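K.L.:
sequence-free structure coming up:
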């Protein structure tokens, strides 16, 4: 949680970050256990993040970060939902697409690089773990790896990076 506090430049952004983190913790455990990202958590997380970032835009009269957040979220969600619909069970689940709403909304506030950096780091982490598990014989080619924990970890890494950038 300390990284969330350090990354946030204003109280509404801090609250948006805490809202996301509060939802991310159970999502990581649920996805790791049952390979599901329930709507009852993913959708309120996204709504809470967007609402609090909108409050920040109103309070600070800075609308560019909110617009950046909305565009990043729209693009990422369209890509993930398309992958889920086109590839079906062979690709991303729609739960991942719904979770990406809050991830890219939150990090999109800092810009495209932060939002898509988290997604990239999530894929990179999952790929690395998948290769290690495959090489050790613990999984086979068709095994599904829950992506939620990796996207959450990527988001936390990006929050560390934006906090470090903001501190300079």
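P.N.:
Happy to help now that I have it. Since the model is a prediction, treat every value here as computed from it, not as a measurement.
K.L.:
so for stretch 19-37, mean pLDDT?
P.N.:
Averaging pLDDT along stretch 19-37 yields 95.
K.L.:
which residues does it contact?
P.N.:
Stretch 19-37 has contacts (CB atoms under 8 Å, 6 or more residues apart in numbering) with 1, 4, 38, 41-42, 44-45, 48-49, 52, 93, 95-96, 98-99, 102-103, 106, 144, 146-149, 152, 155. (Each C-beta comes from the backbone N, C-alpha and C, glycine too.)
K.L.:
kindly provide the distance from the residue lying farthest from the centre of the chain to residue 143.
P.N.:
Residue farthest from the centre of the chain, counting by CA atoms, centre = their mean, is residue 137 at 29.4 Å. The gap separating residue 137 from residue 143 is 11 Å, by CB to CB, to the nearest Å.
K.L.:
so where's this protein shaky on pLDDT?
P.N.:
For the chain, the stretches flagged by pLDDT under 70 are 1, 3-5, 89, 166-168.
K.L.:
swap the cut-off to 90 and go again
P.N.:
Where the chain drops to pLDDT under 90, the residues are 1-9, 77-78, 80-95, 97, 139-145, 163-168.
K.L.:
so where do the helices sit in it?
P.N.:
2-7, 11-34, 39-60, 64-87, 94-108, 112-135, 148-167 (DSSP state H).
K.L.:
now, of those helices, which is deepest in the fold?
P.N.:
Comparing the helices of the chain by mean neighbour count (mean count of other CB atoms under 10 Å), helix 94-108 ranks first with a mean of 26.
K.L.:
other SSEs contacting that one?
P.N.:
Contact partners of helix 94-108 among helices and strands, from 3 or more CB pairs under 8 Å, 6 or more residues apart in numbering; DSSP states H and E: helix 11-34, helix 39-60, helix 64-87, helix 112-135, helix 148-167.
K.L.:
tilt between it and helix 148-167?
P.N.:
0 degrees (axes from the mean of the first three to the mean of the last three CA atoms, to 10 degrees).
K.L.:
to the chain's geometric centre, what's the distance from helix 94-108?
P.N.:
From the chain centre to the centre of helix 94-108 is a distance of 5 Å (CA atoms, centre = their mean, to the nearest Å).
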